[in-house]
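> Sequence unavailable; structure follows:
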């Protein structure tokens, strides 16, 4: 797998984001997306919320 090393400012944007982040080159061309990594606790909470929502 390839790696892209980001600077501190870019890392801050990625870690503070609550959703997908667009990755673009200097010309503004869309290169792709970075999705947030969910913790085990976040996954468990999302599953619990879904069970409650559809249990009605």
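Received the coordinates, thanks. Quick caveat: nothing in here was measured; it's all calculated off a predicted structure. Numbers count the residues shown, from 1 in each chain.
> Show me where the protein dips below the pLDDT cut-off.
Low-confidence segments of the chain (pLDDT under 70): 56.
> how many neighbours does residue 39 have?
When neighbours are defined as other Cβ atoms under 10 Å, residue 39 has 9 of them. Using the backbone N, CA and C atoms, a C-beta is placed for each residue, glycine as well.
> for residue 41, that is, sorry about that
Neighbours of residue 41 using other Cβ under 10 Å come to 8.
> The longest helix seen in the chain: how far from the chain's middle?
Across the chain, the longest stretch assigned as helix under DSSP state H is helix 40-54. The chain centroid and the centroid of helix 40-54 are separated by 18 Å under Cα atoms, centre = their mean, to the nearest Å.
> which secondary structure elements does it contact?
The helices and strands touching helix 40-54, judged by 3 or more Cβ pairs under 8 Å, 6 or more residues apart in numbering; DSSP states H and E, number zero.
> Show me which positions of it end up buried.
Buried residues in helix 40-54, counted by 16 or more other Cβ atoms under 10 Å: none are found.
> Also stretch 10-26?
residue 21.
> residues in contact with the residue nearest the centre of the chain?
When Cα atoms, centre = their mean is applied to the chain, the residue found nearest the centroid is residue 36 (1.8 Å). Residues counted as contacts of residue 36 (Cβ atoms under 8 Å, 6 or more residues apart in numbering) are 17, 18, 19, 20.
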